[in-house]
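Participant: Here is a sequence with its predicted model. Questions after.
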Amino acid sequence: MRFVGEIAEIQQRLTRSREFADRRHTVLQELAPRRGERIVEVGCGAGLLLREIGISLGPHGLALGLDISPDQIATAAKECAGVPAVVPQVGDLLAIDQPDGVFDAAVAVQVIEYVEAAEAAVSEIRRILKPGGRFVCLATNWDTAVWHGVPRALTAEITAAWESHAPWPNLPAVLAPMLARRGFRVTRQIPVPVVNPSWHPDSFAWGTAHLMAAHAVESGVSETVAHDWLDALEKAEAAEEFFFSSLPIMTTAIAG
């Protein structure tokens, strides 16, 4: 799935939702940045979490934000302007342009599941971390998502297409052994659930549904089906029958 055009616009709006803000707070607490540390965020996107990391590190730390998209890095540079610790940089997660063992921590939020060679990406993150360095990874088990109030057949067609949006749509289920094979010791995996009992343009569910519909059309689902699904969600909200939940998992590991 490529975050460009309409999909990029929806994704950036989604990052401004309350649910994303709550998630950033949870990840930041787990990451626990210390003054003067060197931390890398892979797949930093628009830089909202990166900015908070940079503020926590103070002027003598380094918050390196890597993203493969020049447009995302340009947005992150604007978002993080005035935070001296932050350095946004275009970069490939599979070939990070940094020496071995120089970072105290790394963080990836909804990123590793989009990398076909996920285990190689994990290995590259391990390479740049110091022994004892922290790695926090948040990803969603998409098989746990619930869309209530709409015809099951419509939802099934959209969610079937969504399976292909990432090479690892249920990454948390396989992440712990993957990390162990690449030199990490997993310390814990905890749920960071999303629950939306209502449907509106500022909700996580609204943004996610529009991403899913756009991806479904890109994948060959008819525009009529995608439109009908979004319309059914609107009607479910009007009838007070809408409910959505999903289950991101935050995994924390230590570099051995």
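Facilitator: Nice, I can see it.
Participant: Quick check on the residue nearest the centre of the chain: phi, psi?
Facilitator: Centroid-nearest residue in the chain, with CA atoms, centre = their mean: Gln110, separated by 2.1 Å. With angles defined as degrees, to the nearest 10, Gln110 sits at phi 50, psi 50.
Participant: leaving aside the residues next to it on the chain, what's closest to it?
Facilitator: Ala139 (6.1 Å; CB to CB, 6 or more residues apart in numbering). (Glycine included, C-beta is placed from N, CA and C.)
Participant: Please settle this for me: is that neighbour part of a helix?
Facilitator: No: under DSSP: H, G, I helix; E, B strand; the rest coil, Ala139 falls outside any helix and is assigned strand.
Participant: what's near enough to touch it?
Facilitator: Residues near Ala139 by CB atoms under 8 Å, 6 or more residues apart in numbering: 110-113, 168, 171-172, 175, 248-249, 251.
Participant: Over to Thr140?
Facilitator: 110, 113, 169, 171-172, 246-249.
Participant: Now those residues in TSV, please, with extra columns for secondary structure and distance to Arg127.
Facilitator: Below are these laid out as TSV (DSSP: H, G, I helix; E, B strand; the rest coil; distance: CB to CB, whole Å):
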residue	secondary structure	distance to Arg127
Gln110	coil	22
Glu113	helix	20
Pro169	coil	26
Leu171	coil	20
Pro172	helix	23
Ser246	strand	32
Leu247	strand	30
Pro248	strand	26
Ile249	strand	24
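Participant: for this structure, what spans make up the strands?
Facilitator: 38-42, 62-67, 86-90, 103-109, 129-148, 184-191, 194-196, 243-255 (DSSP state E).
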